[in-house]
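# A structural model of the following input is requested.
(one chain, ligands or ions: 3)
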Amino acid sequence: MSTPKNGAPTNDAPRNDPPIDAEEARLAVGKPKKHAAGVPAVRVSMTMALKQMGVRKSARNLLSLNQVEGFDCMSCAWPDPDPNHRHTAEFCENGAKAVAWEGTRDRVGPEFFREHSLADLEQRTEYWLEKQGRLTHPMVRRPGGTHYEPIEWSDAFALIGRHLNGLASPDEALFYTSGRASNEAAFVYQLFARAYGTNNLPDCSNMCHESTGVGLSETIGIGKGSVSLHDLHEADLIVVCGQNPGTNHPRMLTALELAKQRGARILAINPLHEAGLLKFDNPQSPRGLVKGTPLADTFLQIRAGGDLALLQAIGHLLLVAEEANPGTVVDHAFIEQHTVGFEAYRKHADLLDWDEVLTATGLTRAEIEGAAAMFAESKRIVTCWAMGITQHRNAVATIKEFVNLALLQGMIGKPGAGLCPVRGHSNVQGDRTMGIWEQVPDSFLDALRDEFGFEPPRHHGVDAVNAVRALRDGRARVFVGLGGNFAAAMSDTEVTEAALRSTELSVQISTKLNRSHLTAGETALILPTLGRTEKDLTGGQVQRVTVEDSMSAVHASRGRSEPAGELLRSEVDILCGIAAATLGGRYDIPWRGFAEDYDQIRERIGRVVPGCEGYDQIIRERGGFTMPHPPRDSRTFPTPEGKAVFTVSPLPVLTVPEGRLVLQSLRSHDQFNTTIYGLNDRYRGIHSGRRVVFISAADLAELGFADGETVDLVSEWSDGPAGTTLTERRAEAFRLVEYNTPKGCVAAYYPETNPLVPLDSTALDSNTPTSKWVIVRLEHRA
Ligand SMILES: Nc1nc2c(c(=O)[nH]1)N[C@H]1C(S)=C(S)[C@@H](COP(=O)(O)OP(=O)(O)OC[C@H]3O[C@@H](n4cnc5c(=O)[nH]c(N)nc54)[C@H](O)[C@@H]3O)O[C@H]1N2
Ligand SMILES: Nc1nc2c(c(=O)[nH]1)N[C@H]1C(S)=C(S)[C@@H](COP(=O)(O)OP(=O)(O)OC[C@H]3O[C@@H](n4cnc5c(=O)[nH]c(N)nc54)[C@H](O)[C@@H]3O)O[C@H]1N2
Ligand SMILES: [Mo]
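Numbering: from 1, shown residues only. Ligands and ions are numbered 1, 2, ... in the order given. Below you'll find the model as predicted:
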């Protein structure tokens, strides 16, 4: 392959080759690592920080990261330890990368946009686009324009207002949110959307933990996890299922290590032997520097999508064990007092078909019995999961099965036990709490109405998948993105990009340049905003924002760095500007007042959002608090039945046609979602490249491909019973890497693989794209 320059494709490359970066032409494959974190992690994060931010800014930023008077790390939603248990450096390698990435000295301003047309930028990779630096000026692409050009803030707001007020219905507008937005920004945004007249508030949750929200709400009455960090420390069994903490939640490893020191066992369930699950070197404990701690006591290398079967089998075995030794395994008092549906669950568990379980999981019966014994022997179990569960066809059913097991042994609402969905974006949970939800309950809308004196729309809005359908089918015409990168993050890239391009107006409120700025609507705006690390002086005073972590702890966050440019505005300020320009004085909502003093927003949050009574005062006086969680706090289950619900899910056998493979799309160690920090994935042995497919030796041999060969991936999707239309999608030029993954299951990075995920391939009940279950075939390249 020829060497491209600066990420622009070379002229002599074959026509179908995707753009790659110069560094990428040097793709090298080494041995995967068993350890995560450790000394190299510290070195990597410091090198990156110094390169991007310089010495002084690195020190200032990294030392206030996750500190009481500092800012909340924007990399993931893992909670912080109690203030008196924090380290001076309370961050991980990937948190440091996120801070450095935002704190870069590089800038993307009017000159950059004069130099680069949209057509030029379209040829660049995600990596190249974001690497150019921070956005500094509001920019507009006018109808027919080849370039973005500067625009005044007031003109940008007026333009948005004109378009929104010109739509035939408010439902023709879509208001997307990524999970970094603060609670204050989120609250103002949903208030604006609803005052304007729509519940079209799709968000990144729809592609992420939506399955968790649905599964937990139906069974325990609240869509959030039931543990605190303390519970993890106190557990005697921690299950880590469908999650790669070494890369995506590195600070979780510290909690796992502490739990282990106190005697906990860890059961890891994953198709891949992810580095952090095996061994962990804690860079912050001197002992860890010397010697790796073996982390998982038992590792189950499950086939993709096999978890539902595994969990049903474990439930079955727990009931068998209870029968053999009554009163030792099952918590009858808990079941009696707090649950409904146990009899139906028991009957269903009785009928377990072992052949199906062994086929679906690819595990041996002995392995499953060993795992069940770990459950049976434990008194305090915490179950953790993430995208390896939520992005599957049967995600919701699988999550309900986690709940069944927890109910069986009474593992909710007692110390050291509970359900622990590990969230992604640092404030994705808070955004939901604040009403960023296309299906927010009526009680929330009633509270909005009572507080602000307008009647919010009652019909549900669209989620992420339905937002694309609405655009594709001409039912929506304006797209506003509060952060994120919808074009690259969503499934079915070609359809999603075309949908975004079909808008009459697209607006992106962003810190960095990305694909979504290039899938511009007829008119397109880029509105540059402050990041979490930066001093927010809106209204002439230092403003704080608040966020909620994965364990429902809410706290304040305040940036300290000088903003990346004089024209940058805070998210709250921008949203209030849009709202005022669109709604004028239509309602008695003090948009200006909100922007000038975020306490005024917090006062309203306190009166509207359940569990946030006295919000402004608590934040001012104590800096934070933990949101109420009735199952955790008092074993109260706010379901219609008033009890926790055992559920029965059929065990569908998902079959893969002959010669086809199941592809899961996952994250490398050098990325944050669509933000690519670098081209290495050192734990998996990949250097200078991203277009790789991890595949078992058995599949290579059986399908007649060679390790190191470059192939095309073709996904096959049929939307009905056999014989109905089969559609194909293609992603080109991936190098095969022989890897320890179950036969039939391959893995490759996201977002490069998103062109393969069909829009209609979604999880049952949550409508989340099945990013971890895509049926593909490999094709040799001519
Ligand atoms: N550094 C960094 N941190 C991040 C992010 C990032 O991109 N970079 N993203 C953030 C976000 S938004 C999120 S949602 C989280 C994501 O955190 P993760 O869920 O850890 O992210 P993925 O890389 O998608 O990894 C999915 C894991 O599930 C496994 N898996 C896949 N299919 C199955 C299955 O069928 N069964 C089981 N048991 N396991 C399976 C995969 O092998 C992989 O280990 O991380 C957050 N934190
Ligand atoms: N195939 C596949 N697809 C997936 C997934 C997968 O595992 N596989 N994972 C899914 C998941 S879990 C998620 S959460 C989504 C993520 O989807 P998104 O949240 O939409 O995407 P991100 O890549 O996190 O967004 C990055 C952009 O956010 C902007 N940004 C960064 N910081 C800020 C800020 O402080 N304010 C504002 N306003 N903008 C900011 C920058 O411009 C940056 O380019 O992707 C989903 N898509
Ligand atoms: Mo996510």
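# Identify the bridge partners of Trp717.
Taking DSSP bridges as the rule, Trp717 bridges to Thr727.
# right, I mislabeled it, should have said Ile266
Bridge pairing for Ile266 - DSSP bridges - gives Ile238.
# Then His780?
With DSSP bridges as the rule, His780 is bridged to Val711.
# which residues touch it?
His780 is in contact with 705, 709, 711, counting by C-beta atoms under 8 Å, 6 or more residues apart in numbering. Just so you know, the C-beta spots here come from the backbone N, C-alpha and C atoms, and that holds for glycine as well.
# got CSV for the residues you listed, with pLDDT, neighbour count and distance to Ser506 too?
Shown next, in CSV, are the contacts of His780 (pLDDT from 0 to 100; neighbours: other C-beta atoms under 10 Å; distance: C-beta to C-beta, whole Å):
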residue, pLDDT, neighbour count, distance to Ser506
Phe705, 98, 18, 40
Glu709, 97, 15, 39
Val711, 98, 20, 34
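# So which residues on this structure come close to ligand 2?
Residues of the chain lying near ligand 2 by C-beta under 6 Å from any ligand atom: 130, 178-180, 204, 207-208, 387, 391, 424-425, 482-486, 489, 509-512, 514, 529, 531-532, 571, 665, 673-675, 750, 753-754, 757, 771.
# Of those residues, which are in range of ligand 3?
Among the residues of the chain next to ligand 2, the residues lying close to ligand 3 (C-beta under 5 Å from the ion) are 208, 424.
# Selection in PyMOL covering whichever of the residues of the chain next to ligand 2 are buried, please.
With 16 or more other C-beta atoms under 10 Å as the burial test, the buried ones among the residues of the chain next to ligand 2 are selected in PyMOL as follows:
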select buried, resi 130+178+179+180+204+207+208+387+391+424+425+482+483+484+485+486+489+509+510+511+512+514+529+531+532+571+665+673+674+675+750+753+754+757+771
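# bridging residues for the closest residue to Asp707 other than its chain neighbours?
Of all residues not flanking Asp707 in the chain, Glu738 sits nearest, at 4.1 Å (C-beta to C-beta, 6 or more residues apart in numbering). Taking DSSP bridges as the rule, Glu738 bridges to Ile695.
# which residues touch Glu738?
695-697, 700, 707.
# returning to what we had before: filter the contacts of His780 to keep only those in contact with ligand 1.
Near ligand 1, by the rule C-beta under 6 Å from any ligand atom, you find none of the contacts of His780.
# Now do the same contact list for the residue in the stretch 401-550 of the chain that ligand 1 sits nearest to.
Nearest residue of the stretch 401-550 of the chain to ligand 1, counting by C-beta to the nearest ligand atom: Gly424, 2.4 Å away. Gly424 makes contact with 76-77, 179, 204, 208-209, 248, 386-387, 673, according to C-beta under 8 Å, 6+ apart.
# Tell me which of the residues you listed fall in helices.
248, 387 (DSSP state H).
# Between the contacts of Gly424, which sits nearest Gly642?
Using C-beta to C-beta, His209 comes nearest to Gly642 of the contacts of Gly424, at 25.3 Å.
# how about the closest one, phi and psi?
phi -100, psi 20 (degrees, to the nearest 10).
# Contact partners for it?
Neighbouring residues of His209 by C-beta under 8 Å, 6+ apart: 386, 390, 421, 423-424, 428.
# For ligand 3, see how far away it is.
According to C-beta to the ion, to the nearest Å, His209 stands 7 Å off from ligand 3.
# mind listing the helices for the stretch 351-500 of the chain?
For the stretch 351-500 of the chain, the helices defined by DSSP state H, counting those that start in this stretch cover 354-361, 365-377, 387-390, 395-408, 428-433, 442-452, 464-472, 486-489, 493-501.
# now the second one, how far from the chain's geometric center?
Relative to its parent chain, helix 365-377 has a centroid offset of 30 Å by C-alpha atoms, centre = their mean, to the nearest Å.
# What is that helix packed up against?
strand 237-241, strand 265-269, strand 298-300, helix 307-324, helix 354-361 (3 or more C-beta pairs under 8 Å, 6 or more residues apart in numbering; DSSP states H and E).
# For the spatially closest residue to Arg472 that is not a sequence neighbour, give me the pLDDT.
With sequence-adjacent residues excluded and distances taken as C-beta to C-beta, 6+ apart, Arg472 is closest to Ala499, at 4.7 Å. Note for Ala499: predicted pLDDT of 98.
# For whichever residue of the stretch 401-550 of the chain sits closest to ligand 3, give me phi and psi.
Proximity of the stretch 401-550 of the chain to ligand 3 (C-beta to the ion) peaks at Gly424, 2.7 Å away. Gly424 adopts backbone torsions of phi -100, psi -90, taken as degrees, to the nearest 10.
# how near is it to Phe112?
According to C-beta to C-beta, to the nearest Å, Gly424 and Phe112 sit 30 Å apart.
# what sits against Val140?
148-151, 156, 159, 523-526.
# ok, those residues vs ligand 2, which is closest?
For the contacts of Val140, the nearest to ligand 2 is Ile526 (9.2 Å; C-beta to the nearest ligand atom).
# and the spatially closest residue to that closest one that is not a sequence neighbour, bridged to which residues?
Once flanking residues are discounted, Ile526 sits nearest to Met139: 4.4 Å by C-beta to C-beta, 6+ apart. Here Met139 sits in beta bridges with Pro150, Ile526, going by DSSP bridges.
# What is the neighbour count of Pro751?
Look at Pro751: counted by other C-beta atoms under 10 Å, it has 25 neighbours.
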